[in-house]
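Trainee: What shape does this take:
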Amino acid sequence: MNVHPLPPSALKGEGMTSQRARDRLATKLKEEGIRDQRVIDVIRNTPRHHFIDQALHSRAYENTALPIGHGQTISQPWVVARMTEALLEFGVPQKVLEIGTGSGYQAVVLAQVVPQIYTVERIEELLRQARRRFRQLGLSNIRSRHDDGKLGWADEAPFDAIILTAAGDAIPHAILDQLGPTGVLVAPVGSPSNQMLIRMRGDGQGDFIQEELGAVSFVPLLGGIG
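Mentor: Numbers count the residues shown, from 1 in each chain. Here you go, the predicted structure:
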(Lines give C-alpha, C1' and ligand atoms only; values in the text may rest on other atoms or scores of the structure.)
Protein backbone atom coordinates (compact mmCIF):
# COMPACT_ATOMS: atom_id res chain seq x y z
CA MET A 1 0.00 0.00 0.00
CA ASN A 2 1.31 3.44 -0.89
CA VAL A 3 1.84 5.81 2.04
CA HIS A 4 1.52 8.85 -0.25
CA PRO A 5 -0.20 7.83 -3.52
CA LEU A 6 0.04 10.17 -6.49
CA PRO A 7 -3.12 11.92 -7.74
CA PRO A 8 -4.87 10.18 -10.67
CA SER A 9 -4.30 13.24 -12.83
CA ALA A 10 -0.54 12.60 -12.66
CA LEU A 11 -0.94 9.26 -14.40
CA LYS A 12 -2.47 10.57 -17.61
CA GLY A 13 -0.61 9.63 -20.76
CA GLU A 14 -1.09 8.40 -24.29
CA GLY A 15 0.67 5.88 -26.48
CA MET A 16 4.20 5.34 -25.20
CA THR A 17 3.40 7.22 -21.95
CA SER A 18 0.11 5.42 -21.23
CA GLN A 19 -0.75 3.22 -18.26
CA ARG A 20 -0.27 0.23 -20.55
CA ALA A 21 3.36 1.27 -21.08
CA ARG A 22 3.85 1.52 -17.31
CA ASP A 23 2.24 -1.89 -16.83
CA ARG A 24 4.68 -3.43 -19.31
CA LEU A 25 7.61 -1.90 -17.45
CA ALA A 26 6.33 -3.24 -14.12
CA THR A 27 5.98 -6.72 -15.62
CA LYS A 28 9.51 -6.55 -16.99
CA LEU A 29 10.94 -5.55 -13.60
CA LYS A 30 9.22 -8.50 -11.99
CA GLU A 31 10.58 -10.83 -14.66
CA GLU A 32 14.08 -9.44 -14.02
CA GLY A 33 14.03 -10.26 -10.33
CA ILE A 34 12.35 -7.41 -8.44
CA ARG A 35 10.37 -9.19 -5.73
CA ASP A 36 8.87 -6.48 -3.52
CA GLN A 37 5.32 -5.93 -4.76
CA ARG A 38 5.18 -2.50 -3.10
CA VAL A 39 8.09 -1.38 -5.27
CA ILE A 40 6.60 -2.85 -8.45
CA ASP A 41 3.28 -1.11 -7.77
CA VAL A 42 4.96 2.25 -7.13
CA ILE A 43 7.00 2.02 -10.35
CA ARG A 44 3.79 1.13 -12.20
CA ASN A 45 2.08 4.21 -10.79
CA THR A 46 4.89 6.75 -11.21
CA PRO A 47 4.81 8.81 -14.45
CA ARG A 48 8.50 8.59 -15.45
CA HIS A 49 7.85 10.71 -18.55
CA HIS A 50 7.32 13.72 -16.23
CA PHE A 51 11.01 13.53 -15.27
CA ILE A 52 12.60 13.77 -18.71
CA ASP A 53 12.56 16.09 -21.69
CA GLN A 54 9.49 15.80 -23.90
CA ALA A 55 11.68 14.71 -26.83
CA LEU A 56 12.44 11.50 -24.87
CA HIS A 57 8.88 10.72 -23.78
CA SER A 58 8.61 7.80 -26.20
CA ARG A 59 11.46 6.12 -24.30
CA ALA A 60 10.24 6.92 -20.78
CA TYR A 61 9.15 3.37 -19.96
CA GLU A 62 12.11 1.59 -21.47
CA ASN A 63 14.29 -0.09 -18.86
CA THR A 64 17.24 2.19 -19.55
CA ALA A 65 18.96 5.28 -18.16
CA LEU A 66 18.25 8.54 -20.01
CA PRO A 67 19.95 11.97 -20.06
CA ILE A 68 18.48 14.83 -18.03
CA GLY A 69 21.09 17.49 -18.84
CA HIS A 70 24.12 18.82 -16.97
CA GLY A 71 25.93 15.52 -17.60
CA GLN A 72 23.43 13.64 -15.40
CA THR A 73 20.97 10.82 -16.04
CA ILE A 74 17.71 9.43 -14.74
CA SER A 75 18.57 5.93 -13.57
CA GLN A 76 17.41 2.75 -15.23
CA PRO A 77 14.04 1.76 -13.67
CA TRP A 78 15.39 -1.65 -12.63
CA VAL A 79 18.18 0.05 -10.66
CA VAL A 80 15.72 2.44 -8.98
CA ALA A 81 13.52 -0.53 -8.08
CA ARG A 82 16.44 -2.62 -6.79
CA MET A 83 17.80 0.19 -4.62
CA THR A 84 14.35 0.93 -3.22
CA GLU A 85 13.74 -2.76 -2.54
CA ALA A 86 17.12 -3.02 -0.78
CA LEU A 87 16.21 -0.12 1.52
CA LEU A 88 12.83 -1.65 2.41
CA GLU A 89 13.92 -5.25 2.98
CA PHE A 90 14.39 -4.93 6.75
CA GLY A 91 11.39 -2.69 7.35
CA VAL A 92 10.12 0.69 6.16
CA PRO A 93 12.51 3.47 7.26
CA GLN A 94 10.77 6.52 8.67
CA LYS A 95 13.34 9.06 7.55
CA VAL A 96 15.51 8.71 4.43
CA LEU A 97 18.37 10.84 3.10
CA GLU A 98 19.00 10.84 -0.64
CA ILE A 99 22.29 12.17 -2.02
CA GLY A 100 21.79 13.31 -5.63
CA THR A 101 18.24 14.44 -6.37
CA GLY A 102 18.80 14.59 -10.13
CA SER A 103 15.44 14.54 -11.90
CA GLY A 104 13.63 13.71 -8.66
CA TYR A 105 12.42 10.31 -9.88
CA GLN A 106 14.08 8.20 -7.16
CA ALA A 107 12.85 10.60 -4.46
CA VAL A 108 9.29 10.40 -5.79
CA VAL A 109 9.40 6.60 -5.85
CA LEU A 110 10.63 6.53 -2.25
CA ALA A 111 8.20 9.22 -1.11
CA GLN A 112 5.26 6.98 -1.98
CA VAL A 113 6.33 4.30 0.52
CA VAL A 114 8.40 6.18 3.14
CA PRO A 115 7.06 8.87 5.50
CA GLN A 116 9.84 11.46 5.06
CA ILE A 117 12.50 12.05 2.39
CA TYR A 118 15.39 14.51 2.59
CA THR A 119 17.19 14.97 -0.72
CA VAL A 120 20.34 16.95 -1.57
CA GLU A 121 21.40 18.11 -5.04
CA ARG A 122 24.53 20.06 -5.99
CA ILE A 123 23.24 21.36 -9.37
CA GLU A 124 20.77 24.17 -8.71
CA GLU A 125 18.92 23.95 -12.03
CA LEU A 126 18.22 20.24 -11.61
CA LEU A 127 16.94 20.83 -8.10
CA ARG A 128 14.67 23.65 -9.27
CA GLN A 129 13.09 21.34 -11.85
CA ALA A 130 12.76 18.49 -9.33
CA ARG A 131 11.03 20.76 -6.82
CA ARG A 132 8.51 21.78 -9.46
CA ARG A 133 7.75 18.10 -10.10
CA PHE A 134 7.33 17.39 -6.38
CA ARG A 135 4.76 20.19 -6.18
CA GLN A 136 2.94 19.06 -9.31
CA LEU A 137 2.67 15.53 -7.90
CA GLY A 138 1.36 16.79 -4.57
CA LEU A 139 4.15 15.27 -2.49
CA SER A 140 4.61 17.25 0.71
CA ASN A 141 6.87 14.68 2.43
CA ILE A 142 9.99 15.56 0.42
CA ARG A 143 12.38 18.20 1.73
CA SER A 144 15.16 19.29 -0.60
CA ARG A 145 18.40 21.21 -0.31
CA HIS A 146 20.90 22.76 -2.73
CA ASP A 147 24.26 21.76 -1.26
CA ASP A 148 27.35 19.59 -1.60
CA GLY A 149 25.98 16.07 -1.37
CA LYS A 150 29.19 14.77 0.17
CA LEU A 151 28.26 16.71 3.30
CA GLY A 152 24.87 15.02 3.66
CA TRP A 153 22.29 16.89 5.77
CA ALA A 154 23.79 16.94 9.26
CA ASP A 155 21.08 19.19 10.75
CA GLU A 156 18.50 16.43 10.23
CA ALA A 157 20.62 13.41 11.17
CA PRO A 158 20.38 10.63 12.14
CA PHE A 159 18.60 8.93 9.26
CA ASP A 160 17.05 5.46 9.22
CA ALA A 161 18.27 4.98 5.66
CA ILE A 162 20.54 6.73 3.17
CA ILE A 163 20.65 6.27 -0.60
CA LEU A 164 23.33 7.62 -2.95
CA THR A 165 22.58 8.02 -6.65
CA ALA A 166 26.17 8.72 -7.71
CA ALA A 167 29.31 6.65 -7.26
CA GLY A 168 32.52 7.42 -5.39
CA ASP A 169 35.52 5.31 -4.50
CA ALA A 170 34.15 5.09 -0.97
CA ILE A 171 31.23 6.35 1.09
CA PRO A 172 32.14 9.78 2.52
CA HIS A 173 32.62 9.62 6.30
CA ALA A 174 30.35 12.65 6.76
CA ILE A 175 27.48 10.67 5.22
CA LEU A 176 28.14 7.46 7.16
CA ASP A 177 28.18 9.47 10.37
CA GLN A 178 24.59 10.55 9.65
CA LEU A 179 23.26 6.99 9.47
CA GLY A 180 21.42 5.76 12.55
CA PRO A 181 22.99 2.91 14.56
CA THR A 182 20.82 0.25 12.91
CA GLY A 183 20.24 2.16 9.66
CA VAL A 184 20.61 0.94 6.08
CA LEU A 185 22.68 2.61 3.36
CA VAL A 186 22.51 1.68 -0.34
CA ALA A 187 25.01 3.15 -2.78
CA PRO A 188 27.12 2.48 -5.87
CA VAL A 189 30.84 2.37 -5.09
CA GLY A 190 33.86 2.16 -7.39
CA SER A 191 35.42 3.58 -10.54
CA PRO A 192 33.33 4.31 -13.68
CA SER A 193 34.44 1.00 -15.22
CA ASN A 194 34.02 -1.11 -12.08
CA GLN A 195 31.09 -0.11 -9.87
CA MET A 196 29.26 -2.28 -7.38
CA LEU A 197 25.96 -1.59 -5.65
CA ILE A 198 26.48 -2.14 -1.94
CA ARG A 199 24.27 -2.21 1.13
CA MET A 200 25.58 -1.37 4.57
CA ARG A 201 23.60 -2.08 7.74
CA GLY A 202 24.47 -0.77 11.15
CA ASP A 203 24.73 -3.48 13.80
CA GLY A 204 23.82 -1.12 16.65
CA GLN A 205 27.35 -1.33 18.05
CA GLY A 206 29.07 1.10 15.69
CA ASP A 207 30.03 -1.43 13.01
CA PHE A 208 28.50 -2.21 9.62
CA ILE A 209 27.49 -5.37 7.79
CA GLN A 210 28.27 -4.88 4.09
CA GLU A 211 26.78 -6.77 1.14
CA GLU A 212 27.35 -6.55 -2.59
CA LEU A 213 24.12 -6.37 -4.60
CA GLY A 214 25.48 -6.44 -8.15
CA ALA A 215 27.32 -4.44 -10.81
CA VAL A 216 25.91 -1.02 -11.75
CA SER A 217 26.89 2.11 -13.69
CA PHE A 218 26.32 5.58 -12.17
CA VAL A 219 27.60 9.10 -12.75
CA PRO A 220 30.47 10.10 -10.41
CA LEU A 221 29.85 11.51 -6.95
CA LEU A 222 31.19 15.07 -7.06
CA GLY A 223 31.70 17.65 -4.35
CA GLY A 224 30.90 21.36 -4.37
CA ILE A 225 27.80 23.05 -5.78
CA GLY A 226 26.84 24.25 -9.23
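Trainee: Please enumerate the helices of this protein.
Mentor: Using DSSP state H, the helices of the chain run over residues 19-31, 37-44, 77-88, 105-111, 124-136, 173-176.
Trainee: Can you lay out these as CSV showing mean pLDDT, mean neighbour count and distance to Leu221?
Mentor: For every residue, glycine as well, the C-beta is placed using N, CA and C. CSV is the format used below for these (pLDDT from 0 to 100; neighbours: other Cβ atoms under 10 Å; distance: least, Cβ to Cβ, whole Å):
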stretch, mean pLDDT, mean neighbour count, distance to Leu221
helix 19-31, 94, 16, 25
helix 37-44, 96, 19, 24
helix 77-88, 97, 23, 15
helix 105-111, 98, 26, 15
helix 124-136, 97, 16, 15
helix 173-176, 95, 16, 10
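Trainee: now these as CSV including distance to Ala65?
Mentor: Below are the helices of the chain laid out as CSV (distance: least, Cβ to Cβ, whole Å):
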stretch, distance to Ala65
helix 19-31, 14
helix 37-44, 15
helix 77-88, 8
helix 105-111, 11
helix 124-136, 15
helix 173-176, 23
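Trainee: among the ones you listed, which is nearest Phe51?
Mentor: Closest of the helices of the chain to Phe51 is helix 105-111, at 4.5 Å (criterion: Cβ to Cβ).
Trainee: so what secondary structure elements neighbour the closest one?
Mentor: Secondary-structure packing of helix 105-111 (3 or more Cβ pairs under 8 Å, 6 or more residues apart in numbering; DSSP states H and E): helix 37-44, helix 77-88, strand 95-99, strand 116-121, helix 124-136, strand 142-146.
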